[in-house]
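A.B. asks: sequence? don't have it. structure:
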């Protein structure tokens, strides 16, 4: 188990160096906190100053918009066309990607999205017609990426990663995990890619002392201690098997406004729409984020809608995350990041919904 | 505050006991320290959960059209009788909805509450100085202000007038304009004398390039979640123009021109209807400064048509009406 | 980009046939422009493809031709007034180029159908993939693998019946039994009159060593399944094909799910037994 150390001031230099050969994404400061992950651009003076600020990670909890948009952007051009022939698919990022400062919950979520989008058995599936396809737009960006996560010293009261199998120092999805010791960062490579990365930039890192490693352990323990896990979420799948027709959905949906905040800010939500846009004789086919909470999500051309009201759509959201995805991908598609809890305009709290579900007696 | 809370609970209890309503929409305790959440009470059992405090920001009238939308699936032919708690701004939304035939007046039991202004939690957060990135763990509303305790156990007190929501700073109607029962005695009008929100005036002084630049900067954060639209009681269209496919007025992605078209379209659809309740601003997760645009719109409507939305059940909105003295400057000669 | 499943393959419209009196159903004969695309597009009965009109969008349509047809593939498309793509398709002419990607879906369980009797019940527009199935099983190379074939075709009126040219041919064959029925007869109608379920009950096909495949409007499916169960067909030998709003067609966009299954990927063909285990959300 090897650890390394790098001063935060040096980290800025490393990020700058990386940005010459990689697309480096860091959480970007905005007026009211950290909005989203943005690509580092050291060419602008303003960005320079901001980057130094950001990479001190002062006051950083998490971004509002999750880092899924690095691999699964909100709007992506699938291809362009003129007249009736599609042209070559659009080039994706020419540079390999580094995401720096992603939280363990979000890194774990990227792993979940990998299960949805990436499937290496494509050739066999093309022949059979059915089965799992590979999404090249996601896969190619993801394949050349290095995820450097930052363990949490300060989980918020709305964080509940430990209730779902995660942890403030969880390693799932990360290639390297960093620990924030205020002036220094401790780095631990977690995957082969992480090892190679440290190897390539070995000169930037030092060996940490025992005091520093102890401090790291203290911080980790303190973080884990702060979590107040919700018992039993892992049982939600089994409970929900029998609750599809239950009355509880009639009540849960009532205050939902039907916006897309919870789905768009969720690091595991991945529903999308495909539309065409044309201007003059040229056009493009786009893939854009979509939300199961929008009424026209499942609207048929005939006018029939299998999910006509908020009730069905709320049920779909919860069942998809806590019942259908566990069946299909063996993971609950929630990592406990708390964004939906913090940002829902009407304070619809998914933790309360889960507790309600766990308490519901199965009606026969 | 507690008095008003008790008054609300007592009033609602009586409404249920007299069988005047089948459902009451009010505020109940939220799951986060500075929040309340809409509560749907359908019997005496839920009465004690109703609260009233300076964090009751949601505009509850947004839920009402749902209960009265024509629905072939509705089993009971009779429309429900619903009670709702409204503040001054909310009551104006209610008047608007009734005027636009979205909810029948006779099926409503409106409890109006004299509002002393609401707190914007982000203002509290921003005023915490060094501790402004800390999470607030506990809140206590006391007679002389808001007391908070953060995660590092710092205690801070804020005067309510210093952390009032922007929409409340210029509030002209703290007493609801439409109600069946009024609670809350005489609202403290103290906040009306607090510094005004004069951002619209200073915004207007900028030249057009600056204003356009500001608009673009703000809406470039938009993620098309449509929370502003869904939170707005006036946006009750079954199919929003932004989601129509035939014809496709606006694209669905986050292209800046599509975002601008959506934002401009939605805001201008509020002309003569927006009551400046701030629901859209509150809902936006990326803190777009929507209010500068809605309040400018409200100001323009007042100047052009001498009209304020949502004040009376007898009025006709200016865009559904014509007066001979209306400005005609925009009509050009062929 | 390697193996991009979102890229439509260019096809040319070779022929357009108008299928019904209401003139909102058309069958398109499509020919692949690139030879290697044609070779790779191997499909089985019951699968669908996403037809692409660049600029309008994509629409999932069941494949109406049978795998035994060489050199072309067929789709029958209904034009919906609210449909952007179906309207655009409707306005195209022979010689125009559109896109196709697929084939997607699980198709009918052809291996299970071999060696047994087959009862096919098709209502209205849903006859399209059943036509693929029928043409396949009665093909001279395949006929011997299957036992008795009973086909019941239902439509609102005679003018609305699809594939009249095929039905004529099939009615002349002695190796299958074809019954046509309409809800409302017109002059010169020689077939039966009555709803599909009623006529199905009348013909009472034997459930012995038989599979039943029912496609049509949801009400028709429900009533016919009730009749089939009464006739002794077990739930796992009653097959149906579902429709859902789709976008990606490959199980990623999250739109077409019924419970944990995706209609595009795990369907659209399901047995009644499978449907009973799925939530009632379609």
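C.D. replies: Looks like it arrived, so ask away. Quantities reported herein were computed from a predicted structural model and do not represent experimental measurements. Numbers count the residues shown, from 1 in each chain, chains lettered A, B, ... in the order given.

A.B. asks: The closest residue to chain B within the stretch 101-250 of chain C: neighbouring residues, count only.
C.D. replies: Nearest to chain B in the stretch 101-250 of chain C, going by Cβ to the nearest Cβ, is residue C:247, at a distance of 11.6 Å. Every residue, glycine included, has its C-beta placed from N, CA and C. Residues within reach of residue C:247, counting by other Cβ atoms under 10 Å in any protein chain shown, total 23.

A.B. asks: How about the one 4 residues further on?
C.D. replies: The number of residues packed near residue C:251 is 23, by other Cβ under 10 Å.

A.B. asks: three-state assignment of the residue nearest to it when sequence neighbours are not counted?
C.D. replies: Nearest residue to residue C:251, sequence neighbours excluded (Cβ to Cβ, 6 or more residues apart in numbering or on different chains): residue C:265, at 3.5 Å. Of the three states, residue C:265 takes coil under DSSP: H, G, I helix; E, B strand; the rest coil.

A.B. asks: what residues are up against the residue in chain C that chain B sits nearest to?
C.D. replies: When scored by Cβ to the nearest Cβ, chain C has residue C:84 as its residue closest to chain B, at 5.2 Å. By Cβ atoms under 8 Å, 6 or more residues apart in numbering or on different chains, the contact set of residue C:84 is B:245-246, B:248, C:56-57.

A.B. asks: same deal with residue A:61?
C.D. replies: Taking Cβ under 8 Å, 6+ apart, we find residue A:61 in contact with A:33-34, A:154, A:156, B:133, B:135.

A.B. asks: and the gap between it and residue B:207?
C.D. replies: Using Cβ to Cβ, to the nearest Å, one gets 39 Å for the distance from residue A:61 to residue B:207.

A.B. asks: same check, this time on residue B:2
C.D. replies: 50 Å.

A.B. asks: interface residues of chain B facing chain C?
C.D. replies: By Cβ under 8 Å from any Cβ of the partner chain, the part of chain B that sits against chain C consists of B:245-246, B:248.

A.B. asks: Now do the helix or strand residue B:93 falls within: distance to the chain's middle.
C.D. replies: Using DSSP states H and E, residue B:93 sits within helix B:88-99. Mean C-alpha position of helix B:88-99 versus that of the full chain (Cα atoms, centre = their mean, to the nearest Å) differs by 10 Å.

A.B. asks: could you say what helices and strands that helix packs with?
C.D. replies: Counting contacts by 3 or more Cβ pairs under 8 Å, 6 or more residues apart in numbering or on different chains; DSSP states H and E, helix B:88-99 is packed against helix B:64-68, strand B:82-86, strand B:108-113.

A.B. asks: So for it, what gets flagged as buried?
C.D. replies: Across helix B:88-99, burial judged by 16 or more other Cβ atoms under 10 Å in any protein chain shown covers B:88-99.

A.B. asks: Let me know the angle separating that helix from strand B:108-113.
C.D. replies: Calculated by axes from the mean of the first three to the mean of the last three Cα atoms, to 10 degrees, helix B:88-99 forms an angle of 160 degrees with strand B:108-113.

A.B. asks: so where do the strands sit in chain A?
C.D. replies: A:4-7, A:23-30, A:33-39, A:75-82, A:85-89, A:97-102, A:145-150, A:176-181, A:184-189, A:272-279, A:282-289 (DSSP state E).

A.B. asks: Which strand or helix spans the residue in chain B positioned nearest to chain C?
C.D. replies: With Cβ to the nearest Cβ as the measure, residue B:245 is the residue of chain B nearest to chain C, at 5.2 Å. Residue B:245 belongs to no helix or strand when assigned by DSSP H and E.

A.B. asks: Surely residue A:194 is in contact with residue A:173?
C.D. replies: No - if you go by Cβ atoms under 8 Å, residue A:194 and residue A:173 don't touch, sitting 11.4 Å apart.

A.B. asks: between those two, who's got more neighbours?
C.D. replies: More neighbours surround residue A:173 than the other of residue A:194 and residue A:173, with 24 against 20 (other Cβ under 10 Å).

A.B. asks: If we ignore the residues flanking it in sequence, what's nearest that one?
C.D. replies: residue A:107 (3.4 Å).

A.B. asks: That neighbour: how many residues sit nearby?
C.D. replies: Neighbours of residue A:107 (other Cβ under 10 Å): 26.

A.B. asks: In terms of pLDDT, where does it sit?
C.D. replies: We have a pLDDT of 97 for residue A:107.

A.B. asks: Likewise for the one 5 residues further on?
C.D. replies: Residue A:112 is assigned a pLDDT of 94 by the prediction.
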